[in-house]
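Trainee: build me a model:
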Amino acid sequence: MILPPIPTPFDREGRLDTEAFRELAEALEPLVDGLLVYGSNGEGVHLTPEERAQGLRALKPGKPFLVGLMEETLPQAERALEEARAAGAWALLATPPRYYHASLGEGLLRYYEALAERMPLFLYHVPQNTRVDLPLALVATLARHPQVQGLKDSSGEMARFAFYQAHLGGLRVYTGHAPTFLAALALGAEGGILAAANLAPRAYRALLHRFREGRLEEAQALQRKLFPLGDLLARGGVPLLKQALRHLGLPAGYPRPPYPAESPLWESFLPVLEELKEEGWIL
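Mentor: As a prediction, the model looks like this:
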């Protein structure tokens, strides 16, 4: 499966634009297998509880969708969890609490177990943003919980994917790191929840299909072609992704202030985007 973590559109003043949010989801959904709402590229950490609910009410996805949860405590998480369940989400995608992570101890296990008791859960390992590593022993313990459906790992660390393949055969693993997408597939990943899939969904679905069909040389060639797109997006983040979508005429809006509307990587990114567009891989 290929799922894009769709951006949450804000206007230039930082106000949530629910109409643009719905239009963006409707434009992307036919091209992919599902959606992630309020993930890292959805600026989930920038939303008030009221805005989270407002955005979910505006969306009417017809395909499976995950809802990102990036809270610090269980009481904070409860409202977001209930709203995701009411909206019909397939599962939550939850980062670990991070601000006092050194003090969590067994609290991290209890946090994820409490969430999983209420709703199907995917763990979310994204240390480049949270600055927190999900301990592999903890992942192995949680993988035995019947409500823990899977894991998104955006680290790009192939040793972790090798561990998942060797020890967690029943866990549905997705990569969030486009530059190593094919390597993750080779180590058992089921698919990708990729920022780059907002721009090149057909390309990443084609790469996945070529790998599954055993057309490895073709998959490798496509991975090489897509590498600059994924690599630059991994470095440019939300500002670059939204700038690219706006360039393509999609209502992605702007990052919420104080984050910049334009990326310093745009000059390098634009030729990559245009070349892939000419070849028919962009949207």
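Trainee: burial count for Gly150?
Mentor: Gly150 is flanked by 20 other residues according to other C-beta atoms under 10 Å. For the C-beta atoms, the positions are set from N, CA and C on the backbone; glycine is no exception.
Trainee: correct me, but it touches Gly170?
Mentor: No - look at Gly150 against Gly170 with C-beta atoms under 8 Å: they stay out of range, at 9.5 Å.
Trainee: how far out from the middle of the chain is the one helix or strand Ala114 maps to?
Mentor: Per DSSP states H and E: Ala114 is located in helix 107-118. What separates the centre of helix 107-118 from the centre of its chain is 21 Å, taken as C-alpha atoms, centre = their mean, to the nearest Å.
Trainee: quick check: Thr8 touching Val45?
Mentor: No - in this structure, Thr8 is not within contact of Val45 by C-beta under 8 Å, at 10.6 Å.
Trainee: show me which of those two is the more surrounded one.
Mentor: Thr8 (29 against 14).
Trainee: for the more buried one, which residues are in contact?
Mentor: Listed by C-beta atoms under 8 Å, 6 or more residues apart in numbering, the contact partners of Thr8 are Leu16, Phe21, Val37, Tyr38, Gly42, Glu43, Gly44, His46, Leu47, Gly55, Gly253.
Trainee: what about it, which SS state?
Mentor: The assignment at Thr8 comes out as coil when based on DSSP: H, G, I helix; E, B strand; the rest coil.
Trainee: tell me the pLDDT at the most centrally placed residue in the chain?
Mentor: Nearest residue to the geometric centre of the chain (C-alpha atoms, centre = their mean): Pro5, 4.1 Å. For Pro5, the pLDDT comes out at 97.
Trainee: please name the nearest non-neighbouring residue to it.
Mentor: Counting by C-beta to C-beta, 6 or more residues apart in numbering, Pro5 lies nearest to Gly39, which is 3.6 Å off, once chain neighbours are set aside.
Trainee: ok, the one you found - how many residues close by?
Mentor: Neighbours of Gly39 (other C-beta under 10 Å): 29.
Trainee: could you pull out the helices in the stretch 151-283 of the chain for me?
Mentor: 158-167, 181-186, 201-212, 216-247, 266-278 (DSSP state H, counting those that start in this stretch).
Trainee: okay if I get those as TSV plus distance to Leu69?
Mentor: What follows is these, written out as TSV (distance: least, C-beta to C-beta, whole Å):
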stretch	distance to Leu69
helix 158-167	21
helix 181-186	23
helix 201-212	24
helix 216-247	18
helix 266-278	30
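Trainee: so which of the ones you listed is the most packed in?
Mentor: Per-stretch averages of neighbours, counted by mean count of other C-beta atoms under 10 Å, single out helix 181-186 among these, with a mean of 22.
Trainee: so who does Glu190 touch?
Mentor: Shown in contact with Glu190 (C-beta under 8 Å, 6+ apart): Met1, Gly150, Arg172, Val173, Tyr174.
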